[in-house]
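Undergrad: Okay, sequence plus prediction incoming.
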Amino acid sequence: MTPATLTKPVKMILLALLAGVVLLCGGVRAQQPATPAPDIAFDAQDMLKMPPDLYLGEIAGVALNSKKHIFVYTRTAADNGQTILEPTSARIFEFNPDGTFLKEIGKNLYSKGWAHAVRVDREDNIWLVDNGTDEVVKLGPDYRVKLILGRRNEPVQERVRRVGMNPGNPPPAPRTGYFYEPTDVAFDAQGNIFISDGYQNSVVHKFDKDGHIVKMAGGARGSAPGQFSTPHGIAVDAKGLVYVADRSNARIQVLDNDLNYVREIKYDPPQPAGYVSPIPDFGKRADGRHNTLWPNTLCITPGEPQYIYANSMFPGQIQKITLDGKVVGQFGTAGRKVGQFGWVHAIACVAENELWIGELLNWRVQRFLLKPGTVHRSSRGQ
């Protein structure tokens, strides 16, 4: 049958199908099938060396500056007796490029409560995101406070956080420029600041380089384009597009620089049969498979071309993704050995093939040197 012999109804059906394909390839990206991406070989190192009687706790954030110094925001109990409702669990440690301990910074910083993320910008400023105090603080390379966003609740009565989480008493509506358990921070080339405000508010904020609020996107928790459900990580590419790890919606939402919805990236990581996860049980979906909580966090590599690295908490893999949403590789399995993962919470993209990865359950930071196109895989520990 040739096009000339097709009847009019058949032609209309074919045109409709073609239009559907074109639409599918446009603004909303179809979910990729649950098939394994190519494995990426790697070398892994557990290389941070703590002094005697000082310990890492859950690794909430990791970042490197231009000198390759390593900054770790960890849920290690403070030694100053501070409390919110429970003992303060947030300390910032700095390490030399070889992993030897250098010093603790921000020892009495008021914003520390419950560590969630640390990032370093192109000017080597250190940004701390704390969802225990609802604050994001910028420290200069000299460790002095340069900018404070948000405000910690006054400890004079039961915290509104606990009241808001009581059944039948929902959290208050989001307020522009204020946070309610923020999760991550990112920056564009102009110095604008983007903050995912993730656990209670489910919104994203944009501030200018001086800390003035520009816009808040999101609002009510939801799954429609431009809505969020636990935005747990954020990154900005070289063109100024904003990528949000919209964790409970199992997608990466891509926004323009003014926080308008552009498209989304979805991926359903394969799950091995009979696998028992070492991380807490997050429940099962209607199809009987586990909730992977993908993506838990993300980062974007420097250079050209850029790639996204994002991770699934179950079964513990990290995916390498093009900016337009194609998964081109993955690596890692859940476990406790060097080269395995226990609930990844932080990824620092130093280069396309160099990642520093922090884990909650294994209380460590690993350095991964990726070897695309090879089949040899090795690891070495301290």
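TA: All right, it came through fine.

Undergrad: so Leu369 sits right up against Asp43, yeah?
TA: Yes. Counting by Cβ atoms under 8 Å, Asp43 is a contact partner of Leu369 at 4.6 Å. Any C-beta I mention is one placed from the backbone N, CA and C, and that applies to glycine too.

Undergrad: Which parts of stretch 232-244 count as buried, going by neighbours?
TA: For stretch 232-244, the neighbour count (16 or more other Cβ atoms under 10 Å) marks His232, Gly233, Ile234, Ala235, Val236, Asp237, Leu241, Val242, Tyr243, Val244 as buried.

Undergrad: Mind putting those into CSV with pLDDT?
TA: Below are the buried residues of stretch 232-244 laid out as CSV (pLDDT from 0 to 100):
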residue, pLDDT
His232, 97
Gly233, 98
Ile234, 98
Ala235, 98
Val236, 98
Asp237, 98
Leu241, 98
Val242, 98
Tyr243, 98
Val244, 98
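
Undergrad: Out of those residues, which sit inside strands?
TA: His232, Gly233, Ile234, Ala235, Val236, Val242, Tyr243, Val244 (DSSP state E).

Undergrad: Relative to Asp121, which of these is nearest.
TA: Distance to Asp121, by Cβ to Cβ, is smallest for Val236 among these, at 10.7 Å.

Undergrad: List the contacts of the closest one.
TA: Val236 makes contact with Ala186, Phe187, Asp188, Phe194, Val242, Tyr243, Ile300, according to Cβ atoms under 8 Å, 6 or more residues apart in numbering.

Undergrad: Now the terminal residues of stretch 273-292, how far apart.
TA: Using Cα to Cα, to the nearest Å, one end of stretch 273-292 lies 14 Å from the other.

Undergrad: residues contacting the closest residue to Arg91 other than its chain neighbours?
TA: Spatially, and ignoring its direct neighbours in sequence, Arg91 is nearest to Thr76 (4.6 Å; Cβ to Cβ, 6 or more residues apart in numbering). Applying Cβ under 8 Å, 6+ apart to Thr76 gives the contacts Tyr55, Leu56, Gly57, Ser89, Ala90, Arg91.

Undergrad: again, but for Gly240
TA: If you count contacts by Cβ under 8 Å, 6+ apart, Gly240 has them with Asp188, Ala189, Gln190, Asp256, Asn257.

Undergrad: thinking the second one is in contact with Asp237, fair?
TA: No. At 10.0 Å, Ala189 does not count as touching Asp237 under the criterion of Cβ under 8 Å.

Undergrad: remind me which residues of the stretch 101-250 of the chain are low pLDDT?
TA: In the predicted model of the stretch 101-250 of the chain, residues 156-169 satisfy pLDDT under 70.

Undergrad: can you map out the helices along it?
TA: 160-164 (DSSP state H, counting those that start in this stretch).

Undergrad: what ranges do the strands span in it?
TA: 101-105, 115-120, 126-130, 135-139, 145-150, 184-187, 193-197, 203-207, 213-218, 231-236, 242-246 (DSSP state E, counting those that start in this stretch).

Undergrad: Dump the fourth one to CSV, keeping only the CA atoms.
TA: Looking back up the chat, that one is strand 135-139. This file holds the C-alpha atoms of strand 135-139, laid out as CSV (Å, rounded to 0.1, in the frame of the first residue of the first chain):
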residue,chain,number,x,y,z
GLU,A,135,19.1,28.7,57.1
VAL,A,136,21.5,28.9,54.2
VAL,A,137,24.8,30.6,55.1
LYS,A,138,27.6,31.8,52.8
LEU,A,139,31.2,31.7,54.2
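
Undergrad: got the angle between it and strand 126-130?
TA: Strand 135-139 and strand 126-130 meet at an angle of 160 degrees, taking axes from the mean of the first three to the mean of the last three Cα atoms, to 10 degrees as the criterion.

Undergrad: Same question for the last one.
TA: Between strand 242-246 and strand 126-130, the angle formed by their directions is 30 degrees, by the same axes, to 10 degrees.

Undergrad: And the fifth one, by the same measure?
TA: Taking the same axes, to 10 degrees, one finds strand 145-150 and strand 126-130 inclined to each other by 30 degrees.

Undergrad: neighbours of Ser223, just the number please.
TA: 12 (other Cβ atoms under 10 Å).

Undergrad: Excluding chain neighbours, give the residue nearest to it in space.
TA: Nearest to Ser223 is Asn249, by Cβ to Cβ, 6+ apart, at 5.0 Å.

Undergrad: Phe228 is in contact with that neighbour, correct?
TA: Yes. Under the criterion of Cβ under 8 Å, Asn249 makes contact with Phe228 at 7.0 Å.

Undergrad: which of these two has more neighbours?
TA: Using other Cβ under 10 Å as the criterion, Asn249 and Phe228 rank with Phe228 on top: 29 against 21.

Undergrad: with the ones in strands among the buried residues of stretch 232-244 in mind, which one is nearest to Asp142?
TA: Proximity of these to Asp142 was ranked by Cβ to Cβ; the top entry is Val236 with 25.1 Å.
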